[in-house]
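K.L.:
sequence-free structure coming up:
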């Protein structure tokens, strides 16, 4: 039997196909982390388009570009997408990629479970989005879907069934990923890497994963309640089920805000320390604040329910205001890190600096809606929309981009373009504040957050127009970012192993790191603090200065007559 010799082109194509398959099935934590982050960024662009469509509808009074039912679908899938499919997965994906590297571990604990978590997330996202392909359309009842107010409780919408299944799958995937990252911290740290020598980012992932495994099962329970209601809508005629659903859902719904905040805040802290050329300030205080914040986050869910009359207002208001204490410590640490430092204004640093004042607006407005007398006036209005977006976009998304520009060289071995990065930054700053700042005014003036049209006499037209123009600027900023990524990967500028003069262990490995992270060519260094690479560089500098000082007198003696 004779065989035809395989052609070189066919061999190359087979190799490329095999490489793609390996990337999708690899148990290397770095590949899994990049898969999670890359998938979520693609979904971010898709659900961002949904937001643009909504802002086009609201740009002018009486607009008929989109009917009310389709608008509700866009509203739901944008909110659901950003929370369930984008910001939460990226936060955990950063942990999957970075935590083993920062802890000196050869890999992540239970890598197959981590990979399964990713594929559950992908399947969940696909199922959620597939609702648009059904006759009735996608789920129309908001990412919170309160029964019995939700229209889907009284309709046969297949899109709603798909949404419930999709969110359930995605949440299970996030729980599995959270467990593996947490178990990596507990069991796979390198010798010398004690808990109080872990970098701030790794500590943020401890707090994040504790909230994931503690609160995300409540989301699963709430989804089961919705599914039961889909089978028998009569169960939600009982007030116990209605109010019970809200309590269970918000027991998840408030901690998830900090799941979508802690990793990005900690990434900002790492960037500020490196580009201020000094050690992170108030390290132990920040660790304690993160753990306190995580604990308190499990006790404030009822402030979302003040207007229902079914929550203990004084208790939930007190616990909400108590969040100011750990939040204040974290902000104090961020500001203290840059004070007195020698600041270098590269693109990651710009995003990190912008994070501080913008997220502060989101945090302070959160304390406002956590106060019953204010919440009664602005509940379910665009004030809440503005607050949420200053938390998750003006805050967390800026932390995300600081992280991307900072760790992109480590993951790919090449630098993003600095000029394009700064264009992206300024467009994002302008677009963010032009889009979301007017929403505070709209909410105070009484604009409900779930309307698809309004009249000219309402007086909301000019603020909505400003907000819609800002959304266009945001879209342009994202186009610049995508072009920057593609151009930087196409025409590579080698970054080297440590382009930023970093402080933590991931910068001692190759760029990108090898499959086992640390090799004889790039071994682990002694770990004596939460910034071991900075310790090593300082020791070398001190040794060099000491050697120079010892040689100087000898040279002087040689010049004597």
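P.N.:
It's in. The structure presented is a predicted model; accordingly, all values stated were derived computationally and were not measured.
K.L.:
Please give the element, helix or strand, for residue 78.
P.N.:
Using DSSP states H and E, residue 78 sits in helix 68-80.
K.L.:
which helices and strands sit right next to that helix?
P.N.:
helix 29-58, helix 111-129, helix 158-187 (3 or more C-beta pairs under 8 Å, 6 or more residues apart in numbering; DSSP states H and E). Placement of C-beta: from N, CA and C, glycine included.
K.L.:
For it, which outside residues touch it?
P.N.:
With contacts defined as C-beta atoms under 8 Å, 6 or more residues apart in numbering, helix 68-80 is touched by 47, 50-51, 53-54, 57, 66, 128-129, 131-132, 137-143, 145, 151, 159, 163, 167, 450, 452-453.
K.L.:
Stretch 516-534 now?
P.N.:
By C-beta under 8 Å, 6+ apart, stretch 516-534 touches 100-101, 104-107, 190-193, 196-200, 273, 279-280, 283, 497-498, 502-505, 507-510, 513-514, 535-536.
K.L.:
do the same with stretch 230-243
P.N.:
Residues from elsewhere that reach stretch 230-243, judged by C-beta under 8 Å, 6+ apart: 146-148, 152-154, 160-161, 164, 225, 228-229, 245, 305, 308, 310.
K.L.:
likewise stretch 46-59?
P.N.:
63, 65-66, 71, 74-75, 77-78, 81-82, 85-86, 129, 435, 452-454, 464-465, 467-469, 471-472, 474-475, 478.
K.L.:
what is the mean pLDDT for it?
P.N.:
Per-residue pLDDT over stretch 46-59 has a mean of 96.
K.L.:
Any buried residues in it, and which?
P.N.:
47, 48, 50, 51, 52, 54, 55, 57, 58, 59 (16 or more other C-beta atoms under 10 Å).
K.L.:
Can you lay out the residues you listed as a markdown table showing distance to residue 234?
P.N.:
Output for the buried residues of stretch 46-59, formatted as a markdown table (distance: C-beta to C-beta, whole Å):
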| residue | distance to residue 234 |
| --- | --- |
| 47 | 34 |
| 48 | 39 |
| 50 | 33 |
| 51 | 36 |
| 52 | 40 |
| 54 | 34 |
| 55 | 39 |
| 57 | 35 |
| 58 | 36 |
| 59 | 42 |
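K.L.:
from those, which single one is nearest residue 549?
P.N.:
Nearest to residue 549 among the buried residues of stretch 46-59 is residue 48, at 57.5 Å by C-beta to C-beta.
K.L.:
if we can go back for a sec, may I see the ChimeraX selection of the buried members of the contacts of stretch 516-534?
P.N.:
Buried residues among these (16+ other C-beta under 10 Å), as a ChimeraX selection:
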select :100,101,104,105,107,190,193,197,198,199,200,273,279,280,283,497,498,502,503,504,505,507,508,509,513,535,536
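K.L.:
what about residue 94, helix or strand, and which?
P.N.:
If you go by DSSP H and E, residue 94 is part of helix 88-103.
K.L.:
got the angle between that helix and helix 158-187?
P.N.:
10 degrees (axes from the mean of the first three to the mean of the last three C-alpha atoms, to 10 degrees).
K.L.:
SS state for residue 281?
P.N.:
coil (DSSP: H, G, I helix; E, B strand; the rest coil).
K.L.:
residues in contact with it?
P.N.:
Taking C-beta under 8 Å, 6+ apart as the test, what residue 281 contacts is 333, 336, 337, 339.
K.L.:
Please indicate which of these are buried?
P.N.:
Looks like the contacts of residue 281 have 333, 336, 337 buried, using 16+ other C-beta under 10 Å.
K.L.:
Excluding sequence neighbours, find me the nearest residue to the second one.
P.N.:
So that's residue 336. Leaving aside its sequence neighbours, residue 336 sits nearest to residue 281 (C-beta to C-beta, 6 or more residues apart in numbering; 3.6 Å).
K.L.:
Quick check: the one you found vs residue 335, distance?
P.N.:
From residue 281 over to residue 335 the distance is 8 Å, taken as C-beta to C-beta, to the nearest Å.
K.L.:
Residue 236 too?
P.N.:
Taking C-beta to C-beta, one finds residue 236 at 48 Å from residue 335.
K.L.:
Same question for residue 81.
P.N.:
Distance, residue 81 to residue 335, using C-beta to C-beta: 33 Å.
K.L.:
out of those two, which sits in the busier spot?
P.N.:
Using other C-beta atoms under 10 Å as the criterion, residue 81 and residue 335 rank with residue 81 on top: 23 against 13.
K.L.:
residues in contact with the more buried one?
P.N.:
43, 44, 46, 47, 50, 125, 128, 129.
K.L.:
of all these, which comes closest to residue 543?
P.N.:
Nearest to residue 543 among the contacts of residue 81, with distances taken as C-beta to C-beta, is residue 44, at 46.7 Å.
K.L.:
residues contacting the closest residue to the closest one other than its chain neighbours?
P.N.:
Among residues not flanking residue 44 along the chain, residue 86 sits closest, at 4.7 Å (C-beta to C-beta, 6+ apart). Residues counted as contacts of residue 86 (C-beta under 8 Å, 6+ apart) are 40, 41, 43, 44, 47.
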